[in-house]
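[1] only geometry, no sequence info:
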Ligand code: SF4
Ligand code: SF4
C-alpha cells in the first residue's frame, strides 16, 4: 500500500502514456509522430512533413517539456514521475540483499516486463503499434530499438541507478543549473538528538555517498526512501521520522512563481515554433471523413 501511495502520480500517468499510441480516431491516431509515413498525426488529422522536420519537432518538444517541468515542478518530477525512481522503489520491495532468491527473481521479471512495456510505448510514439509489433517480430530497426532501450533501462536500474541520476541524467543537469529554489527537498531535522546513527537512510539512498543528515544536496532525487528507512527505526514513537519533506505542494516546487512564469514564456516560444513548423508542412488533404470517402471510392474500383 505504501508503495502504491508513494508512486500514485507515476502510475496515474503511466496508464494514459501507454494507452495513447493505441488510440485511433478514424484513419489517424490520437497523437503520433508517424515516421514510417512522414506525418504528424493529432486528434484524427495529420500533417505531412519531412523526416528532418519531425526530428526537429521531437527534439524541440522534448527540450520544451524538460524545461517547463524543471522550472515548474523542479525535483518533484524526479521523486514522483520519473520511471527511474519508480524502479528504485520496486527494487527496495524485491531486490535488496536480505530478500529471498525467489523474491529477487520475481522482482527482476517484473522490472523487465515494465521496462519492456515502457520502451515499447516510447518507440510507439514514432510509428503505429501494428508496425512496431511487426518490427519486433521480424527484428527490424524499430524492433531492435525497443530491445536496446529496455535492456539499457534494466541495466541502468541494476547497475548504475543512483550514479545515473546524480551525474548523467539530462533532466537532473537542467535542474542543477537553473536558478530555482527547490522547495520539495527532503530534510533531516533532529533537535532532540534522537538519531541512532544506524545509517539506514544513507544505505538505502540510491545516490552514491549522499548523507541527507549533512544538509541539502542538489543530487537528491526526492525519492523519499530515506524517510521510509528512518520511519522504520522510530515506528513506535510519536514522531516517527527524523527526515521529512519540507513542502507537499507541487505548485511551490519551482519556487515563488518564477518557475510558472518562465514556463508560460517557454510554452509561448516553443508553441510558436511548433505552429510555424506545422504551418510550413503540408496538412494532409484528408482528415477522417474525407478518408472514408476515399476508402469507399477505392473499394468500389477494386470490386469486379
Ligand atoms: S536523500 Fe533521501 S530522498 Fe534524497 S535521494 Fe537519497 S534517499 Fe532519496
Ligand atoms: S535512518 Fe534515521 S536514525 Fe538512522 S541514521 Fe538516518 S536519520 Fe539517523
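    Cool, got the structure. Since we're looking at a predicted model, the values are computed, not measured. Ligands and ions are numbered 1, 2, ... in the order given.
[2] from here on, just use CA atoms for contacts and neighbour counts.
    Fine.
[3] can you pull the residues of this protein lying near ligand 1?
    186, 205, 206, 207, 212, 220, 221, 222, 223, 224, 225, 226 (C-alpha under 6 Å from any ligand atom).
[4] surely the fourth one and residue 168 touch.
    When you say that, I think you mean residue 207. No: counting by C-alpha atoms under 8 Å, residue 168 is not a contact partner of residue 207; they are 11.9 Å apart.
[5] so which of the two has more stuff around it?
    Taking neighbours as other C-alpha atoms under 10 Å, residue 207 and residue 168 compare with residue 207 leading, 20 against 13.
[6] could you say which helix or strand contains the closest residue to the more buried one other than its chain neighbours?
    Among residues not flanking residue 207 along the chain, residue 162 sits closest, at 4.1 Å (C-alpha to C-alpha, 6 or more residues apart in numbering). Assigned by DSSP states H and E, residue 162 belongs to helix 161-163.
[7] chain neighbours aside, what residue packs nearest to the residue in the stretch 201-304 of the chain positioned nearest to ligand 2?
    Nearest to ligand 2 in the stretch 201-304 of the chain, going by C-alpha to the nearest ligand atom, is residue 230, at a distance of 3.7 Å. Nearest non-adjacent residue to residue 230, counting by C-alpha to C-alpha, 6+ apart: residue 241, 5.3 Å away.
[8] got a list of what the residue in the stretch 1-150 of the chain that ligand 1 sits nearest to touches?
    In the stretch 1-150 of the chain, the residue that lies nearest ligand 1 is residue 79 (7.6 Å; C-alpha to the nearest ligand atom). Contact analysis of residue 79 by C-alpha atoms under 8 Å, 6 or more residues apart in numbering lists 85, 221, 222, 223, 224.
[9] and whichever residue of the stretch 51-200 of the chain sits closest to ligand 1, what are its phi and psi?
    At 5.6 Å from ligand 1, residue 186 is the closest residue in the stretch 51-200 of the chain, using C-alpha to the nearest ligand atom. For residue 186, the backbone dihedrals (degrees, to the nearest 10) come out as phi -80, psi 140.
[10] for it, give me its contacts.
    212, 216, 222, 224, 227, 243, 244, 245, 246.
[11] and these, which are buried?
    212, 222, 224, 227, 243, 244 (16 or more other C-alpha atoms under 10 Å).
[12] quick one: the strands in the chain?
    With DSSP state E as the criterion, the chain has strands at 24-25, 28-29, 31-34, 39-42, 45-48, 186-188, 243-245, 282-283.
[13] worst mean pLDDT among those strands?
    If the strands of the chain are sorted by mean pLDDT, strand 282-283 sits at the bottom with a mean of 58.
[14] re earlier: count the neighbours of the residue nearest to residue 207 for me.
    Around residue 162 there are 25 residues (other C-alpha under 10 Å).
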